[in-house]
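>>> give me a 3D structure for the following:
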Amino acid sequence: MSDYVLAIDQGTTSSRAIIFDKSGSIISTGQLEHEQIFPKAGWVEHDPKEIWNNTREVIGQALSKANLTRHDIAAIGITNQRETAVVWDKNTGEPVYNAIVWQDTRTQSIVDKLAADGGVERFKQIVGLPLATYFSGTKIVWILDNVEGARAKAEAGDLLFGTTDTWVLWNLTGGVNGGVHATDVTNASRTLFMDLETLSWRQDILDIFGVPASMLPEIRSSSEVYGMAESNSLLREVPVAGILGDQQAATFGQAAFDQGEAKNTYGTGNFLIFNTDTEIVHSKNGLLTTLGYKLGDQPAHYALEGSIAVTGSLVQWLRDNLGLIKSAPEIEELAKTVDDNGGVYFVPAFSGLFAPYWRADARGALVGLTRYVNKGHIARAALEATAFQTREVLDAVNADSGVPLTELKVDGGMIANNTLMQFQADILGVPVVRPVVAETTALGAAYAAGLAVGFWSDLDDLRKNWQEDSRWTPNMDDSERDRQMRLWKKAVTKTFDWVDEDVL
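Purely as a prediction, here's the structure:
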């Protein structure tokens, strides 16, 4: 009997393999960071070959640490950074260009061209998304238009596209020797090409973008056996049986399976997902309509999502670009050296503003500076920026759903920061709840894979695993909360209209 499930979490900054037991507890973890490549302002890339090599290595790390072999693993789940685009040659397995990361803004001119006929919401009723650099569709177009020979190869049927789940799946199941070229509905819903109702690629939209349909992976459910790990893998003959985009995986790992349930992930960016069950809800307040999950032949579940581009990566920026701190956890200690933000507000619109504004012309701003301000105030303002942005997204969710959330489940790396979590509860005015197993993204992928092979029986099995670890309750009075939000919104307006034709 195989007693464990292994999840591959291919994230924005690292790749991890985490082994879980039946209770959803972590048995062991392997993790490796990969290089963040910034060729120009606004460009963000990853090396797909480095990602795949790291993935293989972290699988070995996780198995070794737990003294396990493939015989102990019932299934493999995959979760991933969703909109990051990889294009590779199906005959050689070689990427034709680096992966273009979801944060990358180089495709704004492509967005503008597509939006000239019908605006940025041209396809939103069909695909649930506005035209934006965030999604992978325009990244494919950029590669086809800018990499020598790429378009001709694509039109000849020699190139494949995938988000990083597809890249990992294809390599894990054999690569050029019969690798499975597939994705799940959650990742497909982030391309700008998938019809929310039919869960299939829209040929008419592909034609408008100029992307050959032969490049695209097969769309499958989030929980089914896609194929077996290849013969020379440490996990050979273990079924790959679950795929969920990272934010949907975190929602699944939080056991937010039902209508009205939600979670907020604090990672490189922040992503709040609100389950709308089997109903497609089109936002009137700047949110995305996306797939929540689909289990085998069961009906698809949908969600509203508020995507925030820069949260945890702002802390990394303070560490790596400014040297304000030496390690990410130091941000909390530095912030605690002051009692408040000193009147400083930090709007990290490094990639423009995502939900609920969708302003590609915005750029980062640090406002309210006086001689009184020190680095502690800047550290505190950076943390508070995450909480303010989350409040704006939650306001949009409440407006769209008509059912205000009474508490917020949280996960991701930043939830270890108690100062941030308390301020988050204060500025929301509702409790913030952290689960015992904070690695909910990997756990969600493990759950999807385990369900497909009968390792877990049903969703009730998974609900029983969820346990509360910590709870923060608001202690800020209403007038102070309103004042803070008023000043934050004023700060946000200072970032608008920065980018024009001669500004990078």
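
>>> which residues of the stretch 51-200 of the chain score low on pLDDT?
In the predicted model, the stretch 51-200 of the chain carries no residue with pLDDT under 70.

>>> so which residues of it form helices?
Applying DSSP state H, counting those that start in this stretch to the stretch 51-200 of the chain gives helices spanning 108-115, 124-127, 136-146, 150-155, 164-172, 185-188.

>>> out of these, deepest packed?
Highest mean neighbour count of these: helix 185-188, a mean of 29 (counted as mean count of other CB atoms under 10 Å). C-betas here are computed from N, CA, C, even on glycine.

>>> hang on, the earlier thing: would you convert the helices of the stretch 51-200 of the chain into a markdown table that also reports distance to residue 277?
Formatted as a markdown table, the entries for these read as follows, by distance: least, CB to CB, whole Å:
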| stretch | distance to residue 277 |
| --- | --- |
| helix 108-115 | 31 |
| helix 124-127 | 20 |
| helix 136-146 | 26 |
| helix 150-155 | 38 |
| helix 164-172 | 24 |
| helix 185-188 | 15 |
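
>>> out of these, nearest to residue 463?
Shortest distance between residue 463 and the helices of the stretch 51-200 of the chain, using CB to CB, is found for helix 185-188: 20.2 Å.

>>> how about whichever helix or strand comes after that closest one as CSV, C-alpha atoms only?
Counting by DSSP states H and E, the element after helix 185-188 in chain order, helix or strand, is helix 203-209. Provided in CSV are the C-alpha atoms of helix 203-209 (Å, rounded to 0.1, in the frame of the first residue of the first chain):
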residue,chain,number,x,y,z
GLN,A,203,-10.7,28.9,-32.4
ASP,A,204,-12.1,32.4,-33.3
ILE,A,205,-10.0,34.0,-30.5
LEU,A,206,-6.9,32.0,-31.5
ASP,A,207,-7.4,33.3,-35.1
ILE,A,208,-7.5,36.9,-33.8
PHE,A,209,-4.4,36.4,-31.8
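
>>> next, residue 449: phi, psi?
Main-chain dihedrals, residue 449, degrees, to the nearest 10: phi -70, psi -40.

>>> neighbours of it, how many?
Taking other CB atoms under 10 Å as the criterion, the count of residues near residue 449 is 34.

>>> which one of the helices of the stretch 51-200 of the chain lies closest to residue 424?
Nearest of those (CB to CB): helix 185-188, 25.5 Å.

>>> what does the closest one contact?
The contact list for helix 185-188 (CB atoms under 8 Å, 6 or more residues apart in numbering) reads 80, 82, 163, 165-166, 194, 199, 201, 217, 219-222, 243-245, 248, 290-294, 300.

>>> of these, which belong to strands?
Mapping the contacts of helix 185-188 onto strands (DSSP state E) picks out 80, 163, 219, 220, 243, 244, 245, 290, 291, 292, 293.

>>> in JSON lines: the residues you listed, plus distance to residue 253 and neighbour count.
Shown next, in JSON lines, are the ones in strands among the contacts of helix 185-188 (distance: CB to CB, whole Å; neighbours: other CB atoms under 10 Å):
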{"residue": "80", "distance to residue 253": "14", "neighbour count": "32"}
{"residue": "163", "distance to residue 253": "19", "neighbour count": "29"}
{"residue": "219", "distance to residue 253": "22", "neighbour count": "22"}
{"residue": "220", "distance to residue 253": "20", "neighbour count": "20"}
{"residue": "243", "distance to residue 253": "14", "neighbour count": "33"}
{"residue": "244", "distance to residue 253": "9", "neighbour count": "35"}
{"residue": "245", "distance to residue 253": "12", "neighbour count": "33"}
{"residue": "290", "distance to residue 253": "17", "neighbour count": "27"}
{"residue": "291", "distance to residue 253": "16", "neighbour count": "27"}
{"residue": "292", "distance to residue 253": "13", "neighbour count": "29"}
{"residue": "293", "distance to residue 253": "11", "neighbour count": "27"}
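
>>> and which of these is nearest residue 479?
Scanning these for proximity to residue 479, where the rule is CB to CB, the winner is residue 290, at 36.0 Å.

>>> that closest one bridge partners, please.
residue 303 (DSSP bridges).

>>> which of the ones in strands among the contacts of helix 185-188 sits closest to residue 322?
Closest to residue 322, out of all of these and judged by CB to CB, is residue 80, at 29.5 Å.

>>> correct me, but that closest one touches residue 163?
Yes: between residue 80 and residue 163 there is a contact at 6.1 Å, judged by CB atoms under 8 Å.

>>> what touches both of these two?
In contact with both residue 80 and residue 163: 187, 245, using CB under 8 Å, 6+ apart.

>>> what about the helices in the stretch 401-504 of the chain?
Going by DSSP H, counting those that start in this stretch, the stretch 401-504 of the chain shows helices at 418-428, 440-452, 459-465, 478-493.

>>> keeping just the C-alphas, turn the longest one into PDB.
It refers to helix 478-493. The C-alpha trace of helix 478-493 is given here as PDB (Å, rounded to 0.1, in the frame of the first residue of the first chain):
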ATOM      1  CA  ASP A 478     -13.900  52.300  12.500                       C
ATOM      2  CA  SER A 479     -12.800  56.000  12.100                       C
ATOM      3  CA  GLU A 480      -9.100  55.100  12.000                       C
ATOM      4  CA  ARG A 481      -9.800  52.300   9.500                       C
ATOM      5  CA  ASP A 482     -11.700  54.700   7.300                       C
ATOM      6  CA  ARG A 483      -8.900  57.300   7.600                       C
ATOM      7  CA  GLN A 484      -6.300  54.800   6.600                       C
ATOM      8  CA  MET A 485      -8.300  53.600   3.600                       C
ATOM      9  CA  ARG A 486      -8.900  57.200   2.500                       C
ATOM     10  CA  LEU A 487      -5.200  57.900   2.500                       C
ATOM     11  CA  TRP A 488      -4.300  54.700   0.800                       C
ATOM     12  CA  LYS A 489      -6.800  55.300  -2.000                       C
ATOM     13  CA  LYS A 490      -5.300  58.800  -2.400                       C
ATOM     14  CA  ALA A 491      -1.800  57.300  -2.700                       C
ATOM     15  CA  VAL A 492      -3.000  54.800  -5.300                       C
ATOM     16  CA  THR A 493      -4.200  57.700  -7.600                       C
END
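
>>> just checking, what packs against that helix?
On a contact count with 3 or more CB pairs under 8 Å, 6 or more residues apart in numbering; DSSP states H and E, helix 478-493 meets strand 345-347, helix 375-401, helix 418-428.

>>> looking at the helices of the stretch 401-504 of the chain, which is buried most?
Comparing those by mean neighbour count (mean count of other CB under 10 Å), helix 440-452 comes out on top with a mean of 31.

>>> tilt between that helix and helix 164-172?
60 degrees (axes from the mean of the first three to the mean of the last three CA atoms, to 10 degrees).

>>> now helix 440-452: average pLDDT?
In this model, helix 440-452 has a mean pLDDT of 96.

>>> run the chain-centre distance for it.
A distance of 16 Å separates the centroid of the chain from that of helix 440-452, by CA atoms, centre = their mean, to the nearest Å.

>>> tell me if I'm right that residue 25 and residue 437 touch.
Yes: assessed by CB under 8 Å, residue 25 is found in contact with residue 437 at 6.8 Å.

>>> the closest residue to residue 418 other than its chain neighbours and residue 419, how far apart?
Take residue 418 and drop its neighbours on the chain: the residue closest to it by CB to CB, 6 or more residues apart in numbering is residue 332, 7.3 Å away. Residue 332 is 5 Å from residue 419, where distance means CB to CB, to the nearest Å.
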